[in-house]
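> Quick one, fold the following:
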Amino acid sequence: MATITKRDLVIRISNETGLTQQEVFNVVQTFIDEVTTSLASNDDVVLRNFGAFQVTKTKPKIGRNPNKPDAAVPIPARAVVKFKPGKELKEKVAKVLPELETTD
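Below you'll find the model as predicted:
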């Protein structure tokens, strides 16, 4: 299992499209900035066949400090980003499981 970085994506897209790496980097960075801005404005971001990003609110709760289990630590409500994969992405990822079982 490999980790793909933004740089790796830029290189792959540049090689596939013939655009310069700087042009691809600018597009990728603008895309990330726009998604971030939209989510920060509490807007959903839906990419058909890929998935949807949504901002949800967690409830406040009481946690425990592992070093002092008797001490209750209040954890305030907060906004978090949730990702719901689209149908195509789910189907492609589901095919990974048989490969994982054979490599063990």
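> Helix, strand, or coil at the spatially most distant residue from the centre of the chain?
Taking CA atoms, centre = their mean, the residue of the chain most remote from its mean C-alpha position is D70, at 35.1 Å. Recorded secondary structure, D70: strand (DSSP: H, G, I helix; E, B strand; the rest coil).
> Could you tell me the per-residue confidence at it?
On pLDDT, D70 comes in at 86.
> Please report how far it lies from R64.
Per CB to CB, to the nearest Å, D70 is found 8 Å from R64. In short, each C-beta sits where N, CA and C put it, glycine included.
> What score does V96 have for pLDDT?
Looking at V96, its pLDDT reads 85.
> Near it, how many residues? Count them for me, please.
Neighbour count for V96, taken as other CB atoms under 10 Å: 10.
> Please apply the same query to I13.
Neighbours of I13 (other CB under 10 Å): 16.
> Show me the contact partners of whatever helix or strand it lives in.
Take DSSP states H and E as the rule and I13 turns out to sit in helix 6-17. Here helix 6-17 makes contact (CB atoms under 8 Å, 6 or more residues apart in numbering) with L19, T20, Q21, E23, V24, F25, V28, I32.
> residues in contact with the residue nearest the centre of the chain?
For the chain, the residue nearest the mean C-alpha position is F83 (6.5 Å; CA atoms, centre = their mean). Shown in contact with F83 (CB under 8 Å, 6+ apart): G51, A52, F53.
> Can I get the biggest helix by length in the chain in CSV, CA atoms only?
Scanning the chain for the helix with the most residues, using DSSP state H, yields helix 21-40. This file holds the C-alpha atoms of helix 21-40, laid out as CSV (Å, rounded to 0.1, in the frame of the first residue of the first chain):
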residue,chain,number,x,y,z
GLN,A,21,3.7,20.5,-13.7
GLN,A,22,3.3,24.1,-12.6
GLU,A,23,0.0,24.4,-14.6
VAL,A,24,-1.3,21.2,-13.0
PHE,A,25,-0.1,22.2,-9.6
ASN,A,26,-2.0,25.5,-9.9
VAL,A,27,-5.2,23.7,-10.9
VAL,A,28,-4.9,21.2,-8.1
GLN,A,29,-4.2,23.9,-5.5
THR,A,30,-7.1,26.0,-6.7
PHE,A,31,-9.4,23.0,-6.5
ILE,A,32,-8.2,22.3,-2.9
ASP,A,33,-8.7,26.0,-2.0
GLU,A,34,-12.2,26.1,-3.4
VAL,A,35,-13.3,22.9,-1.6
THR,A,36,-11.8,24.2,1.6
THR,A,37,-13.6,27.6,1.2
SER,A,38,-16.9,25.9,0.4
LEU,A,39,-16.7,23.6,3.4
ALA,A,40,-15.7,26.6,5.6
